[in-house]
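In: Turn this into a structure:
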Amino acid sequence: MTRNLKPVVVAQPRAAKLVAKAAMKVLILCTGNSCRSQMAEGILQALKPQWHVRSAGTKPTNEVHPSAVIVMAEAGIDLASYKPKSVAGYLAEQWDLVWTVCGGAKETCPNFTGKVKEKIHIGFDDPAEFTGSAQDVLNGFRRVQVLINNTCKELAKKY
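Out: Numbers count the residues shown, from 1 in each chain. Below you'll find the predicted structure:
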């Protein structure tokens, strides 16, 4: 006995549209852009490689502090090629988040004329101001680096 079987067409669900969320743009501000903001940039970029993370200063120094480079290398993040930059170079860009990490930049940041969705201030002691033996200064940088690292982890979870 032969049956005439008609093929059954099963509707396929529409392929879900993959909407790629635009990468978060974060600008981290400090006065000299030599320590805290550089460390925060390196850490946050390592935690969220898909983000566009930059740092800048209101009065950038000539170089990233050598102790910042050392303690970040200990944490597996290479800041050796990083250079201090002026916030003026970022004013024309749209930012999702502007984070000030020191008191001096906090007072200057409200004058930030770029387009910003959200501003936050979470400050840290300036390790460039630490005194004592070379080991004492490095230990101070390490303490600040740990605090910045913990804050970056929280921000990475939040956003």
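In: now V146: how far from L27?
Out: 23 Å (Cβ to Cβ, to the nearest Å). Yep, even glycine has a C-beta here, placed from its N, CA and C like the rest.
In: Give me the more crowded residue out of those two.
Out: Neighbour totals were compared for V146 and L27, and L27 leads with 26 against 12 (other Cβ atoms under 10 Å).
In: so the more buried one makes contact with R54?
Out: Yes: between L27 and R54 there is a contact at 5.4 Å, judged by Cβ atoms under 8 Å.
In: Can you check which residues contact both of those two?
Out: By Cβ atoms under 8 Å, 6 or more residues apart in numbering, L27 and R54 have these common neighbours: Y90.
In: For the protein, just list every one of the helices.
Out: 36-47, 66-74, 103-108, 134-158 (DSSP state H).
In: quick check: angle from the first one to helix 134-158?
Out: Yep, that's helix 36-47 we're talking about. Using axes from the mean of the first three to the mean of the last three Cα atoms, to 10 degrees, the inter-axis angle of helix 36-47 relative to helix 134-158 is 50 degrees.
In: Same question for helix 36-47: list its buried residues.
Out: Neighbour counts over helix 36-47 (16 or more other Cβ atoms under 10 Å) mark 36-46 as buried.
In: who does H52 bridge with?
Out: K25 (DSSP bridges).
In: For S67, see how far away it is.
Out: From H52 to S67 the distance is 27 Å (Cβ to Cβ).
In: now swap in W95 and tell me
Out: 28 Å.
In: Where in the protein is the helix or strand with the lowest mean pLDDT?
Out: In the chain, no helix or strand scores lower on mean pLDDT, DSSP states H and E than helix 103-108, which sits at a mean of 57.
In: picking that back up, now the buried residues of helix 36-47 as a markdown table including distance to A134?
Out: Output for those, formatted as a markdown table (distance: Cβ to Cβ, whole Å):
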| residue | distance to A134 |
| --- | --- |
| R36 | 20 |
| S37 | 23 |
| Q38 | 20 |
| M39 | 18 |
| A40 | 23 |
| E41 | 25 |
| G42 | 22 |
| I43 | 23 |
| L44 | 28 |
| Q45 | 28 |
| A46 | 26 |
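In: ok, the residues you listed vs D125, which is closest?
Out: Nearest to D125 among the buried residues of helix 36-47, counting by Cβ to Cβ, is R36 at 8.6 Å.
In: Which residue, other than its chain neighbours, is closest to the closest one?
Out: V101 (4.4 Å; Cβ to Cβ, 6 or more residues apart in numbering).
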